[in-house]
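**Student:** let's see this in three dimensions:
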Amino acid sequence: MKKTIFTVLLATLALVSCRTTPPVITEKLTVAGYFQKAQDASEEGDYLLALAYYDAFRAEFPNDRDHNLWATYETAFLQYKLEKYDTALEMINGLLDRYAKETDLPQAPKVLAEKVKAKIIESQAKRAPAPAPAPKQ
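**Tutor:** The predicted model follows:
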């Protein structure tokens, strides 16, 4: 009995210690540094770390319009990769709304955002249940 309780406690401790918490970026980097670290993390499959670098960039450089557009696109794309489609779509729609209001923005984030949006919509359409057949009369 004691061995069983010990095993359960040990397993619980292992699960709790493995729980993922979002990383916090405390180092100060250049714009390029934040983006490089985020890209490196993304390429390694550590999407949460990549998101943390983009969040840290936005906090450090809130007035860098063009890079913030890119950070928003990249963050939405990471949400898409994490299969958080609603979050990704919300971010993409917000990004595209900016393009509707401002004409002098770099076009690449817009083009890429539109492509990801189309993929999300297509994916959601495939997962939607088929409509029920009409009742026979």
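**Student:** for Pro131, see how far away the spatially most central residue of the chain is.
**Tutor:** With distances taken as CA atoms, centre = their mean, the residue of the chain nearest its centroid is Gln79 (2.3 Å). When distance is defined by CB to CB, to the nearest Å, Gln79 is 29 Å away from Pro131. C-beta: built from backbone N, CA, C; applies to glycine.
**Student:** cool, Tyr85 as well?
**Tutor:** Separation of Tyr85 from Pro131 (CB to CB): 21 Å.
**Student:** chain center to the biggest helix by length in the chain: distance?
**Tutor:** Ranked by number of residues, the top helix in the chain under DSSP state H is helix 107-127. Computed by CA atoms, centre = their mean, to the nearest Å, the chain-centroid distance of helix 107-127 equals 14 Å.
**Student:** what does stretch 98-116 give?
**Tutor:** 18 Å.
**Student:** distance from stretch 27-43 to the middle of the chain?
**Tutor:** Centroid separation for stretch 27-43 versus its chain: 15 Å, with CA atoms, centre = their mean.
**Student:** correction: the previous question concerned stretch 51-59.
**Tutor:** How far stretch 51-59 lies from its chain's middle: 12 Å, per CA atoms, centre = their mean.
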